[in-house]
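Student: A structural model of the following input is requested.
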Amino acid sequence: MTSARPYRIFNVALARTEDLSPLLRRLTFAGPEIADMTTLAPDQRIKIFFPGADGQPPAIPATGDWYKDYKALPPAQRVPMRSYTIRHLRAQACELDVDFVLHGETGPASRWALHARPGSPVQISAPNRHAQVEIGGYEWKPPASARQILLAADETALPALAGILEQLAIRTDAPSVEAFIEIPSARGRIDLPRWPGLALHWLPRDAAGAATRPGDLLLSAIRSATLPQGRASTSPALDDIDIDRVVPWDQAEAIDGDFYAWIAAESAAVMALRTFLVTQRGLDRRALNLMGYWRLGKVYD
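Tutor: Numbers count the residues shown, from 1 in each chain. Predicted structure coming up:
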């Protein structure tokens with residue numbers, strides 16, 4: 001039954017847009033089906049289906065196994081699909097906010113976000129509040145014992161990190177947080193919550209020179225950050241991952257501990273940070289979320 005599935009297809013339409021910065025645009029979607037949507041964490045993942053090359057809106061069936069049906073189509077017949085984060089969900093008002101990074105006409109999602117007008121339809125695979133099984137689709141699960149948190153993101157993970165900061169800021173026992181955000185330029189900064197225990201670092205790539213690759217600034221900054229002292233000599237060997245074929249995605253486990261990390265960025269950068277944190281610093285892998293949100297030169301659905 002569709003109602004039992006953790007994720008289902010929602011038919012929505014663009015209601016309005018708001019530019020949060022020259023590089024980040026908030027798109028608000030509306031539609032009665034959103035009343036049945038839910039979200040469980042500030043980094044809740046969804047997938048959005050955009051119009052195909054012929055301009056026709058997506059028409060993924062709302063019943064059955066949508067992903068199996070989608071992957072069964074020849075690649076040329078699939079409408080573009082990209083992963084995003086729920087920024088705000090107002091289910092009673094049947095509205096959903098999703099923040100889009102604007103990078104010109106370089107892909108179907110950015111192109112659509114630049115040109116879509118209110119009323120333009122899309123489809124979204126999102127958590128179903130009627131699901132009768134575990135929903136998943138998020139990694140932000142810090143233990144209550146965590147008193148030191150490391151957050152690191154590039155522009156693609158900025159919406160999720162912003163939601164995490166909003167959640168932490170309202171806690172009466174907010175932990176000590178060091179957050180690093182790499183963005184293409186200083187124009188990409190947005191307003192974020194602040195509290196005395198937060199050290200927030202913006203890392204604009206354009207200020208570092210043309211040779212700077214995505215993730216270089218995150219790696220340099222985290223190498224210099226104040227981190228717990230692990231036991232590098234006893235750290236287990238890391239398994240190899242072909243990031244051109246597999247999305248690197250190390251999930252933290254539900255363990256008590258003082259330290260917790262959530263890191264999401266370009267895949268090669270995440271792999272470099274993985275090696276540094278686990279092999280060189282000897283940090284417990286079970287306390288680390290290390291997620292490749294995208295791959296330079298490749299397309300991840």
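Student: can you report phi and psi for Asp216?
Tutor: Main-chain torsions, Asp216, degrees, to the nearest 10: phi -60, psi -40.
Student: list the buried residues in the longest helix along the chain.
Tutor: Longest helix of the chain, by residue count under DSSP state H: helix 158-169. Within helix 158-169, the residues that qualify as buried are 158-165, 167-168, counting by 16 or more other C-beta atoms under 10 Å. Placement of C-beta: from N, CA and C, glycine included.
Student: and stretch 50-66, by the same measure?
Tutor: Buried, per 16+ other C-beta under 10 Å, within stretch 50-66: 50-52, 58, 60, 66.
Student: identify the bridge partners of Ala199.
Tutor: Ala199 has the following beta-bridge partners by DSSP bridges: Glu178.
Student: how much space separates it from Val177?
Tutor: Distance, Ala199 to Val177, using C-beta to C-beta, to the nearest Å: 7 Å.
Student: more crowded one of those two?
Tutor: Neighbours around Ala199 and Val177, counted as other C-beta atoms under 10 Å, are more numerous at Val177. The numbers are 21 against 12.
Student: the more buried one is in contact with Leu168, isn't it?
Tutor: Yes. With contact defined as C-beta atoms under 8 Å, Val177 reaches Leu168; the gap is 6.3 Å.
Student: mutual contacts of these two, please.
Tutor: Common contact partners of Val177 and Leu168 (C-beta atoms under 8 Å, 6 or more residues apart in numbering): 149, 198.
Student: contacts for the longest strand along the chain?
Tutor: Longest strand of the chain, by residue count under DSSP state E: strand 7-21. Outside strand 7-21, the residues that touch it by C-beta under 8 Å, 6+ apart are 2, 25-31, 33-34, 36-37, 60-62, 66, 95-96, 99, 113, 116-128, 131, 135, 137, 187-190.
Student: any idea of the angle that strand forms with helix 158-169?
Tutor: Strand 7-21 and helix 158-169 are oriented at 90 degrees to each other (axes from the mean of the first three to the mean of the last three C-alpha atoms, to 10 degrees).
Student: which stretches of the stretch 101-250 of the chain form strands?
Tutor: Here the stretch 101-250 of the chain has its strands, by DSSP state E, counting those that start in this stretch, at 121-127, 148-154, 176-183, 198-204, 249-250.
Student: which one of those strands lies nearest to Ser267?
Tutor: With C-beta to C-beta as the criterion, Ser267 lies closest to strand 249-250 of these, at 9.4 Å.
Student: what pLDDT does Gly209 get?
Tutor: Gly209 is assigned 84 on the pLDDT scale.
Student: separation between it and Asp256?
Tutor: 42 Å.
Student: likewise Thr38?
Tutor: 28 Å.
Student: the two: who's more crowded?
Tutor: Higher neighbour count among Thr38 and Asp256: Thr38, with 16 against 9, using other C-beta under 10 Å.
Student: verify the stated contact: the more buried one with Ala91.
Tutor: Yes. When contacts are counted by C-beta under 8 Å, Thr38 is listed as touching Ala91 (7.0 Å).
Student: shared neighbours, the two?
Tutor: Residues within reach of Thr38 and of Ala91 at once, by C-beta under 8 Å, 6+ apart, are Arg129.
Student: and the next helix or strand past the lowest-mean-pLDDT helix or strand in the chain?
Tutor: When the helices and strands of the chain are scored by mean pLDDT, DSSP states H and E, helix 66-72 comes last with a mean of 87. Per DSSP states H and E, the first helix or strand lying C-terminal to helix 66-72 is strand 81-85.
Student: strands paired with that next one, and their directions?
Tutor: When sheet partners are counted by DSSP bridges, strand 81-85 sits next to strand 45-49 (antiparallel).
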